[in-house]
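*Asks:* model the structure of this input:
(3 chains)
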Amino acid sequence: MPELPEVETIRRQLDDALAGMRIESVELLKSGREEPVGKEFVACLTGKKIKNIERRAKLIVWRFVDGSVMFTHLKMTGRLVLEDKRYKPRKHDRAVFKLKGKKGGKDLVWSDVRQFGFMKCLSAEDAKKVLDAYGPEPLEISAQELADRLLKPKTRKIKVALMDQATIAGIGNIYADEALFRAGVRPTRPLGELTAKERLEIAQQVQALLKLSIKHRGTSANDYVDASGKQGKFLKLLQVYGRGGEECVKCGTPIKRIVIGQRGTHYCPKCQK
DNA sequence: GAACCCCTGGTT
DNA sequence: AACCAGGGGTTC
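*Replies:* This next block holds a predicted model:
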């Protein structure tokens, strides 16, 4: 699924294209993981005017002029793509949002091969509760503040901590592996064993990496495309993710692949201590 | 924590 | 046929 840089890329495009527009209709092609389900979901969105579109962690947060909110979580294979008028529904499309504004109409299609993603309508109050439970946005605090969050359960592996949304919001498997490679720290190291210098280095690399990936409009490793249907360009800049068995770009040692927390994990056994 | 689950499809 | 896939909630 999209992680912070990919969700942020989509969010910027949607905010640019759709802020100020009104939802004329919602066509549900496949009902199930939207909330409320079915006709009620359609009813709660129809007619609403979009104030703006924000992001928190990996959630896209739709804010409406009437104060209500909708969340979109794309999970692993979700897409939100602005389609032109020749659009024909495809196999895994779940909903089409028809929007109207001063400059004409736009169709937004939500598709999701694995159907893990969800959309949810809720009040501003309920939305705030959900959003407040996330850890800080990594690009909105200092590297030192970020580093200080990587201390807690001493036995926890650093990779697990980086991916925990309550510790830091928005990092997933790809950027956790990449940040740890850049910082020269093995993903298996327990927090209690890291030096202050290592924690700060990890925090700085997380920030630099996320910013750089946003510049490249994210990573298209599998299903990800942005709101215009284009792939992100960061894939070729990945140094360890998906490169198990290949030579390390720094030292030539074969990259190892292990499993941590049910996720494929990639690192250089020589460069990462 | 670790294991399992939601689901489908691409690759080996 | 088996394994893999960028998430994350739930359950022991």
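*Asks:* confirm for me that A:Arg94 is in contact with A:Ser111.
*Replies:* Yes: with contact defined as C-beta atoms under 8 Å, A:Arg94 reaches A:Ser111; the gap is 6.2 Å. For the C-beta atoms, the positions are set from N, CA and C on the backbone; glycine is no exception.
*Asks:* which neighbours do those two share?
*Replies:* Common contact partners of A:Arg94 and A:Ser111 (C-beta atoms under 8 Å, 6 or more residues apart in numbering): none.
*Asks:* quick check: closest non-adjacent residue to whichever residue of chain A sits closest to DNA strand B.
*Replies:* Per C-beta to the nearest atom of the strand, the residue of chain A with the smallest distance to DNA strand B is A:Arg114, at 3.2 Å. Using C-beta to C-beta, 6 or more residues apart in numbering and skipping residues adjacent in sequence, the residue nearest A:Arg114 is A:Thr77, 4.5 Å away.
*Asks:* what's the separation between the closest residue to A:Lys30 other than its chain neighbours and A:Glu83?
*Replies:* Once flanking residues are discounted, A:Lys30 sits nearest to A:Arg94: 4.7 Å by C-beta to C-beta, 6+ apart. Distance, A:Arg94 to A:Glu83, using C-beta to C-beta, to the nearest Å: 14 Å.
*Asks:* ok, the two, which is more surrounded?
*Replies:* A:Arg94 (22 against 16; other C-beta atoms under 10 Å).
*Asks:* does that one sit in a helix, a strand or a coil?
*Replies:* strand (DSSP: H, G, I helix; E, B strand; the rest coil).
*Asks:* what of the one 3 residues further on?
*Replies:* The local conformation at A:Phe97, judged by three-state DSSP, is strand.
*Asks:* nearest residue to it other than its sequence neighbours?
*Replies:* A:Leu108 (4.4 Å).
*Asks:* next SSE downstream of the helix or strand in which the one you found is found?
*Replies:* Using DSSP states H and E, A:Leu108 maps to strand A:104-112. Using DSSP H and E, the next helix or strand after strand A:104-112 towards the C-terminus is strand A:118-122.
*Asks:* direction included, what does that following strand pair up with?
*Replies:* strand A:34-35 (parallel), strand A:69-73 (antiparallel) (DSSP bridges).
*Asks:* contacts for it, please.
*Replies:* Contacts of strand A:118-122 (C-beta under 8 Å, 6+ apart): A:33-36, A:41, A:44-45, A:68-73, A:75, A:95, A:110, A:130.
*Asks:* OK, contacts around the residue nearest to A:Lys159 when sequence neighbours are not counted?
*Replies:* With C-beta to C-beta, 6+ apart as the criterion, A:Lys159 has its nearest non-adjacent residue at 3.6 Å, and that residue is A:Pro187. By C-beta under 8 Å, 6+ apart, the contact list for A:Pro187 reads A:157-159, A:176-177, A:180, A:258, A:260, A:265, A:267, A:272.
*Asks:* ditto for A:Ala95
*Replies:* A:26-30, A:34, A:109-110, A:119.
*Asks:* how far away is it from A:Ile214?
*Replies:* 27 Å.
*Asks:* swap in A:Ile50?
*Replies:* For A:Ile50, the distance to A:Ile214 equals 22 Å [C-beta to C-beta].
*Asks:* what does A:Gly170 give?
*Replies:* 11 Å.
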